[in-house]
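> here is a sequence together with a model predicted from it:
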Amino acid sequence: MIPKAILLAYITLPDSARPSNLPAMSEIGVGTDANPEIAATQTAILYVGNLLSQVLLFTASIAIIFIVIAGANYVFSLGKEERIEKGKQGIFWSLMGLIIILFSYSIVQGVISIILKVDSST
C-alpha cells in the first residue's frame, strides 16, 4: 500500500486543466525526471506567495481610498483648524500605511524568488 503523502505528491494536472494563474511544472524549472516533492513544494510556495501578493495589493488599494477620503476632508475643511489637522493626519498615516504595504509586497516577492532559486538548485 502506498502512503497517502507519496500518493498526493504524484497527482498532476494536465496543462489544459491547469488554471491560468498556476504555473506548469515546466515553467518553474521542474523537468519530468525531477523529484515530485520539490515540484509540489515550489507550487505551494508560489500559491502562498501569490495569495499574499493579492492580499497586499488589495490593502494598497484600500490605503489609496483612505488617501482620497483624507484629501477630500482636507480640501472641504472650510478653514476649520480641527478638520484641516484631521485631514493632514489622515493623509500622513494613509501614506505611511501605503509605504509599509509596498515594502511588504517587495519583501514577499523577493523572498519567493530567493526560496525558489535555492530550492531548485538542490
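Received it, and whenever you're ready, just let me know what you need.

> report the buried residues of stretch 61-79.
Judged by neighbour count (16 or more other CB atoms under 10 Å), stretch 61-79 contains these buried residues: 63, 66-67, 70, 73-74, 77. Where you see a C-beta, it was placed from the backbone N, CA and C, and this is true even at glycine.

> contacts for it next, please.
Residues from elsewhere that reach stretch 61-79 (CB atoms under 8 Å, 6 or more residues apart in numbering): 83-84, 86-91, 94-95, 97-98, 101.

> what's the closest of the residues you listed to residue 16?
residue 101 (36.2 Å; CB to CB).

> can you pull the contacts of the residue nearest to that closest one when sequence neighbours are not counted?
Counting by CB to CB, 6 or more residues apart in numbering, the nearest residue to residue 101 once its immediate chain neighbours are dropped is residue 60, at 4.7 Å. Listed by CB under 8 Å, 6+ apart, the contact partners of residue 60 are 98, 101-102, 105.

> which of those are buried, as a ChimeraX select command?
Command for ChimeraX, covering only those of the contacts of residue 60 found buried under the criterion 16+ other CB under 10 Å:
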select :98,101,105
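
> average model confidence for the helix or strand containing residue 84?
Under the criterion of DSSP states H and E, residue 84 resides in helix 81-121. Mean per-residue pLDDT for helix 81-121: 88.

> begin at 31, not 1, for the rest of this chat.
All right, first residue 31 from here; so that's helix 111-151.

> what is it packed up against?
helix 66-105 (3 or more CB pairs under 8 Å, 6 or more residues apart in numbering; DSSP states H and E).

> relative orientation of the helix it packs on and helix 111-151 in degrees?
In terms of direction (axes from the mean of the first three to the mean of the last three CA atoms, to 10 degrees), helix 66-105 departs from helix 111-151 by 170 degrees.

> pLDDT on helix 66-105, on average?
Here the average pLDDT along helix 66-105 is 88.

> need the residues that contact stretch 113-123.
So stretch 113-123 is contacted by 96-97, 99-101, 103-107 (CB under 8 Å, 6+ apart).

> and with 6 Å instead?
100, 103-104, 107 (CB atoms under 6 Å, 6 or more residues apart in numbering).
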